[in-house]
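Engineer: Test case, fold it:
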Amino acid sequence: MGKKRSVGQVTLGFLLLTHPGPVAFHLLAVVVFALLATWPHPVWTLIALVVAGHAAMQCSISMINDYCDRRLDALSKPGKPIVRGLVLPGEALAGGILMIVVMVGCLLFLNPLALVISLGYLALGQAYNFGLKSTLWSGVVFALAMPLIPLYVLAGVNHLPSAAFWLVPVGFLIGVALNLANALPDVEEDRAGGAKTLAVALGVRGSFMMCPLLIVLAVVLMMVLVVFRVVVSNSWAAPALFVITCLVVGTLALLFGPQRPVSTRKVYFYLVASLCLLLGAGWFVIVAL
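Structural biologist: Sure, this is the predicted structure:
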């Protein structure tokens with residue numbers, strides 16, 4: 001940790017601290033939701049502020065996550081930027097705090113409700129970092145945060161119909177599924193480290209079973225709400241989402257599972273995340289547009 005670092009090393013370290021892969025998925029979802037909500041007359045300044053504010057928040061959560069996990073990472077994840085000495089722990093913490101300031105600065109120019117929702121998401125994310133990550137509550141925190149993303153976007157672009165709040169129960173189910181898929185690559189390490197997450201409690205086999213089941217339940221809930229006219233929709237999107245979900249879930253069951261190498265679980269997560277993004281965008285279209 002005492003070695004002199006080059007500018008390139010520090011830059012790389014901060015880039016890795018942001019968890020660019022997962023954050024990119026979040027930002028893609030924000031962009032998709034913002035374009036859908038404002039089409040065919042997108043207000044680019046609003047969209048830019050919505051994306052920038054969410055990016056800063058996600059970077060803050062990611063940086064402080066690595067700060068909080070630095071001792072555990074030293075035992076099992078030598079590639080992490082703090083462990084490699086690319087970034088000092090204090091720098092990671094300062095970077096995370098700075099990103100909160102940037103987030104608030106961006107959102108002061110938007111609907112105040114967007115700031116309130118974003119602060120709620122931030123509180124959940126930092127609670128996850130500072131202790132809930134290693135408990136059964138980790139899945140609940142993750143699930144509560146997911147549906148806040150489309151609500152945040154809708155508030156940010158000044159388009160928040162009452163039906164949009166049906167995004168919450170569907171998003172909750174999708175959020176738990178995402179949490180399990182995200183945790184699968186590290187289940188054995190988490191168990192060895194004493195973590196008691198939902199994925200650890202279910203085990204690898206149980207997590208692989210619950211993840212697709214929750215996704216299917218989310219689509220079934222969509223169908224029920226549409227069929228019983230709780231959510232009014234003349235679109236074919238709901239049945240199409242149901243068919244696509246069943247096909248994708250069946251394919252994932254054939255290609256992935258507890259019997260496959262651990263290295264395949266990260267690919268499984270990204271495929272599940274892509275399916276969840278599709279479901280979220282489809283449900284967003286049904287209830288918010």
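
Engineer: tally of neighbours for residue 271?
Structural biologist: If you count neighbours by other Cβ atoms under 10 Å, residue 271 ends up with 16. For glycine as for every other residue, the C-beta is placed from the backbone atoms N, C-alpha and C.

Engineer: tell me the phi and psi of it?
Structural biologist: Dihedral pair for residue 271: phi -70, psi -40, per degrees, to the nearest 10.

Engineer: pLDDT score for it?
Structural biologist: With respect to pLDDT, residue 271 scores 95.

Engineer: which one is it nearest to, not counting chain neighbours?
Structural biologist: On the basis of Cβ to Cβ, 6 or more residues apart in numbering, the spatially nearest residue to residue 271 that is not a chain neighbour turns out to be residue 252, at 6.3 Å.

Engineer: Could you do residue 176 as well?
Structural biologist: Distance criterion Cβ to Cβ, 6+ apart; nearest residue to residue 176, sequence neighbours excluded, is residue 143 at 4.5 Å.

Engineer: That neighbour: what's it in contact with?
Structural biologist: 171-176, 179 (Cβ atoms under 8 Å, 6 or more residues apart in numbering).

Engineer: Run the chain-centre distance for the lengthiest helix in the chain.
Structural biologist: Assignment by DSSP state H gives helix 198-227 as the longest helix of the chain. The chain centre lies 16 Å from the centre of helix 198-227; the measure is Cα atoms, centre = their mean, to the nearest Å.

Engineer: helix/strand/coil for residue 159?
Structural biologist: Recorded secondary structure, residue 159: coil (DSSP: H, G, I helix; E, B strand; the rest coil).

Engineer: separation between it and residue 277?
Structural biologist: 20 Å (Cβ to Cβ, to the nearest Å).

Engineer: what do you get for residue 32?
Structural biologist: Residue 32 is 7 Å from residue 277, by Cβ to Cβ.

Engineer: try residue 82
Structural biologist: For residue 82, the distance to residue 277 - Cβ to Cβ - is 29 Å.

Engineer: the more surrounded of these two?
Structural biologist: The residue with more neighbours, out of residue 82 and residue 277, is residue 82; 24 against 18, by other Cβ under 10 Å.

Engineer: Can you show me the helices along the chain?
Structural biologist: Using DSSP H, helices in the chain cover 7-17, 20-38, 44-68, 70-76, 81-84, 89-107, 112-129, 137-145, 148-156, 167-183, 187-192, 198-227, 237-255, 265-288.

Engineer: Mean neighbour count, the ones you listed: which tops it?
Structural biologist: For the helices of the chain, the largest average neighbour count (mean count of other Cβ atoms under 10 Å) is found in helix 148-156, namely a mean of 26.

Engineer: That helix to helix 44-68, inter-axis angle?
Structural biologist: 150 degrees (axes from the mean of the first three to the mean of the last three Cα atoms, to 10 degrees).

Engineer: List of residues touching helix 148-156?
Structural biologist: Counting by Cβ under 8 Å, 6+ apart, residues outside helix 148-156 touching it are 26, 29-30, 33-34, 37, 46, 49-50, 53-54, 107, 110-111, 113-114, 117-118, 120-121, 124, 160-161, 164-165, 167-168, 171, 280, 284, 288.

Engineer: and if we set it to 7 Å?
Structural biologist: Applying Cβ atoms under 7 Å, 6 or more residues apart in numbering, the contact partners of helix 148-156 are 29-30, 33-34, 37, 46, 50, 54, 110-111, 113-114, 117-118, 120-121, 160, 164, 167, 280, 284, 288.

Engineer: low-scoring stretches of the stretch 151-289 of the chain, by residue?
Structural biologist: For the stretch 151-289 of the chain, residues meeting the criterion pLDDT under 70 lie at 234.

Engineer: Would you check that residue 172 makes contact with residue 142?
Structural biologist: No: with contacts counted by Cβ atoms under 7 Å, residue 172 stays clear of residue 142, the gap being 9.7 Å.
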